[in-house]
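**Q** A structural model of the following input is requested.
(2 chains)
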Amino acid sequence: MRVVLAEDLFLLRDGLVRMLEAFDFEIAAAVETGPELTKALAELQPDVAVVDVRLPPSHTDEGLQCALAARRARPGLPVLVLSQHVEQLYARELLADGNGGVGYLLKDRVFDAEQFIDAVRRVAAGGTAMDPTVIQQLLSRRSTDQPLGALTPREREVLELMAQGRSNAAIAAQLVVTERAIAKHTSNIFAKLGLPVSDDDNRRVLAVLAYLDQGR
Amino acid sequence: MTRLRNTMIAGARGLYLAIVSLAGSITLFVFSVLSIAFILLGIGVFTTPAVLTAVRKFANLRRVQAGEWSDVHIPAPYRKRPAGPRSGVTGQVERCSLMLKDPATWRDLQWLLVDMTAGFVVVIFAPALVLYPVYGWVLALGVWKPIYNAGGGEWYGFIHVNSQMAANGAAALGTALGVLALFVNPAVVRGHFLLARTLLAPTASMRERELAQRVDRLEETRHDAVDSSAAELRRIERDLHDGAQARLVAMGMDLGTIEALVEKDPAKAKEMIAKARQNSGEALTELRDLVRGIHPPVLAERGLGDAVKALALRLPVATDVDVDLPGRAEEPVEAAAYFAVSETLTNAVKYAEADRIWVDVHHEQGMLRIAVTDNGKGGAAMGAGSGLSGIERRLGTFDGVLAVSSPVGGPTMVTMEIPCELS
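**A** Next up is the predicted model:
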């Protein structure tokens, strides 16, 4: 799987390259600046891009803007955005086109190599990887709303993991229960929230995220 | 054609000014003098502020007209009334004496005298130069005859109109005056305003006093700015010292232990590695919160509008944000505005128990204007120790101002204005 990586800090870039290579990713390019990223995304046609939000030369949200532009040029281009801070504002912009293949994680998440690599693979496959912090912010904001308040604590837990983009199998593994139990929870959640049931994992995640983000 | 139009407009304005400077100035002057004289009887204390306020309004109207009609800029020289006027009789006496002590008041009264005499004489030329030629033509068209026959020895200027010939002369003179009006009319009106400016504009000593006041204010806000930035630095130092720094020390110790344990007791070492990783994660979280408090990342990346939107998304209360900024303000202004909004929103959530908040951010006439409205219980007051006066001090450094309207029962509306240019 070919990756384009954009990160301006040498130590982090180097660490990410080594980690990705250790998990059998091919690094198509590891770049430092926004313009280089735009060029690499256009020319190298990677399977997935891992991008830092803040890049030189402007040191603003250049990485995010490049990633959004590249996705406009090539809809569904898988992009995993990393940042020192997560903002619902940015998450919303990344999810806005409804195409999936989007990840938005705190840089801290690279500490856990396996989970991080899992997130990269998920995004590359057209799935979603939202940082738990984003999901918690969304949930805490609407914790008292009906029908969210009607969920059982276990269902909330499942909803949280589902919104991060995890598959039933991954959620089952994390909560140490069977996949069937998770399937039952998810159908309960969808019924309580009044969302249409879908077999497609990605559609499901996007529906949940859209639900959590609405009405504000 | 424009010239003709301008001449007619100047004539009309001249007529208006002539009437106003006679009727208005005389009335106001008489009232002022009477009212001030009645101070000895006591009643003047109550009437004088009202009369003088009317004089100021009258003078201010003329100042505005000078700017709009003739491009003559006349700044208002009045002293600012001190905040928190007292009510009742003491307040009246105070207000009265303050107004009488203001040199601008006495210059206003002088101006009323000049306006009703010289001001009137100057400006009456504008309508006269338009209307008198018409009269000349009317005479020439035959009206001279009945007047003459009735025994009236009618004079038009220096011409004694006693024949058609003389009446034609009157028409010719009128035409000449009309042509003259084409060239001088706007200048006549302008002259009237220039005359007014000599008394209505602040004098050098008034300007000096204004500057002195400004220096005082700057000194005060500079003190506040230095104080608050020193306090900020102390807070940051403490947070780093007790937070991230302590966690790194703990991590270093854990790593040392791991080094010693890794061969003897790998299971224990693994456990400690997990702990060290947890510590590093927490150190990062603390640093992130600290950074947000120093300068929020979204503000650096996107500017004020999106930073306020991102802030609103973090609030537990539904918040509508409306931003209309065609560019970005300077960084210090952006930061001050951001933290002021942040503090206001925190107040709204914490104390007002609001369940809906509206934020409006826009820029007009060289001012960044922000309004934060909530539907909470109201009753917020500016005063010592309240968060609002802290915000006011923060904005004061940039000559910004804060106004609060918060009747008991709500809604609360906090408005801020900071002079700045966008780039």
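**Q** Tell me where the model's unsure across chain A.
**A** Scanning chain A for pLDDT under 70 picks out the ranges A:142-146, A:199, A:215-216.
**Q** helices or strands up against the longest helix along it?
**A** Longest helix in chain A, counting residues (DSSP state H): helix A:179-193. Counting contacts by 3 or more CB pairs under 8 Å, 6 or more residues apart in numbering or on different chains; DSSP states H and E, helix A:179-193 packs against helix A:153-164, helix A:168-175, helix A:201-213. To be clear about C-beta, it is placed using only N, CA and C from the backbone, and glycine gets the same treatment.
**Q** And the chain, what are its domain boundaries?
**A** Let's take chain A. Domain assignment for chain A, taken from automatic domain parsing, gives A:2-130, A:135-213.
**Q** other chain: chain B
**A** Segmentation of chain B into domains, based on automatic domain parsing, reads B:2-200, B:218-294, B:302-419.
**Q** Out of those, which gets nearest to A:Met19?
**A** For the domains of chain B, proximity to A:Met19 was assessed by CB to CB; domain B:218-294 is nearest, at 14.7 Å.
**Q** and B:Asp224, what is it in contact with?
**A** Contacts for B:Asp224 (CB atoms under 8 Å, 6 or more residues apart in numbering or on different chains) come out as B:Arg393, B:Gly396, B:Thr397.
**Q** Mind listing what's buried along the strand or helix carrying it?
**A** If you go by DSSP states H and E, B:Asp224 is part of helix B:204-242. Of all the residues in helix B:204-242, those buried under the rule 16 or more other CB atoms under 10 Å in any protein chain shown are B:Met206, B:Thr221, B:Asp224, B:Ala225, B:Asp239.
**Q** any idea which helix or strand comes after it?
**A** Downstream of helix B:204-242 (by DSSP H and E), the next one is helix B:244-264.
**Q** A:Asn202 is nearest to which of the domains of chain B?
**A** Taking CB to CB, domain B:302-419 is the member of the domains of chain B nearest to A:Asn202, at 24.0 Å.
**Q** wait, does the closest one contact chain A?
**A** Yes - applying CB under 8 Å from any CB of the partner chain, one finds domain B:302-419 touching chain A at B:Arg302, B:Asp306, B:Lys309, B:Ala310, B:Leu313, B:Arg314, B:Leu315, B:Pro316, B:Ala318, B:Thr319.
**Q** measure that domain end to end?
**A** Start-to-end span of domain B:302-419 (CA to CA, to the nearest Å) is 21 Å.
**Q** Could you tell me which residues of chain A lie near chain B?
**A** A:53-54, A:59-61, A:83-85, A:87-89, A:107-108, A:111, A:137, A:140-141, A:215-216.
**Q** Export stretch B:223-238 to PDB, keeping only CA atoms.
**A** Extracted in PDB, the C-alpha atoms of stretch B:223-238 (Å, rounded to 0.1, in the frame of the first residue of the first chain):
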ATOM      1  CA  HIS B 223      -0.200  49.200  33.600                       C
ATOM      2  CA  ASP B 224      -3.100  46.800  33.300                       C
ATOM      3  CA  ALA B 225      -1.500  45.200  30.200                       C
ATOM      4  CA  VAL B 226       1.800  44.700  31.900                       C
ATOM      5  CA  ASP B 227       0.200  43.400  35.100                       C
ATOM      6  CA  SER B 228      -2.000  40.900  33.300                       C
ATOM      7  CA  SER B 229       0.800  39.600  31.100                       C
ATOM      8  CA  ALA B 230       3.000  39.200  34.100                       C
ATOM      9  CA  ALA B 231       0.200  37.300  35.800                       C
ATOM     10  CA  GLU B 232      -0.200  35.200  32.700                       C
ATOM     11  CA  LEU B 233       3.500  34.300  32.600                       C
ATOM     12  CA  ARG B 234       3.300  33.300  36.300                       C
ATOM     13  CA  ARG B 235       0.400  31.000  35.600                       C
ATOM     14  CA  ILE B 236       2.100  29.400  32.600                       C
ATOM     15  CA  GLU B 237       5.300  28.900  34.600                       C
ATOM     16  CA  ARG B 238       3.300  27.200  37.400                       C
END
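**Q** pLDDT (mean, whole number) over stretch B:44-51?
**A** For stretch B:44-51, the mean pLDDT works out to 86.
**Q** about what we covered before: JSON lines please, covering the domains of chain B and showing distance to A:Asp97.
**A** Formatted as JSON lines, these follow (distance: least, CB to CB, whole Å):
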{"stretch": "domain B:2-200", "distance to A:Asp97": "52"}
{"stretch": "domain B:218-294", "distance to A:Asp97": "28"}
{"stretch": "domain B:302-419", "distance to A:Asp97": "19"}
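**Q** If any of the residues of domain B:302-419 next to chain A are buried, put those into a ChimeraX selection.
**A** Filtering those down to the buried ones (16+ other CB under 10 Å) takes a single ChimeraX command:
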select /B:302,306,309,310,313,314,315,319
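**Q** mind listing what A:Asn21 touches?
**A** Quick fix: residue A:21 is Glu, not Asn. Counting by CB under 8 Å, 6+ apart, A:Glu21 has contacts A:Ile27.
**Q** again, but for B:Asp399
**A** Taking CB under 8 Å, 6+ apart as the contact definition, B:Asp399 lies against B:Thr221, B:Ile418, B:Pro419.
**Q** so which one among those residues has the lowest pLDDT?
**A** Within the contacts of B:Asp399, pLDDT reaches its minimum at B:Thr221, with 85.
**Q** In three-state terms, how would the residue lying closest to B:Met206 once chain neighbours are set aside be classified?
**A** Setting aside the residues directly before and after it, B:Met206 is nearest to B:Pro77 in space (CB to CB, 6 or more residues apart in numbering or on different chains), at 4.9 Å. Of the three states, B:Pro77 takes coil according to DSSP: H, G, I helix; E, B strand; the rest coil.
**Q** now do B:Val72
**A** Relying on three-state DSSP, one would call B:Val72 coil.
**Q** For it, which residues are in contact?
**A** If you count contacts by CB under 8 Å, 6+ apart, then B:Val72 has B:Ala66, B:Arg190, B:Phe193, B:Leu194, B:Arg197 around it.
**Q** Which PyMOL command selects the buried ones in those residues?
**A** Only the buried entries of the contacts of B:Val72 go into this PyMOL selection, using 16+ other CB under 10 Å:
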select buried, chain B and resi 66+190+193+197
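**Q** State the pair within the contacts of B:Val72 that is farthest apart.
**A** With CB to CB as the measure, no two of the contacts of B:Val72 lie farther apart than B:Arg190 and B:Arg197, at 10.3 Å.
**Q** Right, I'll leave it there.
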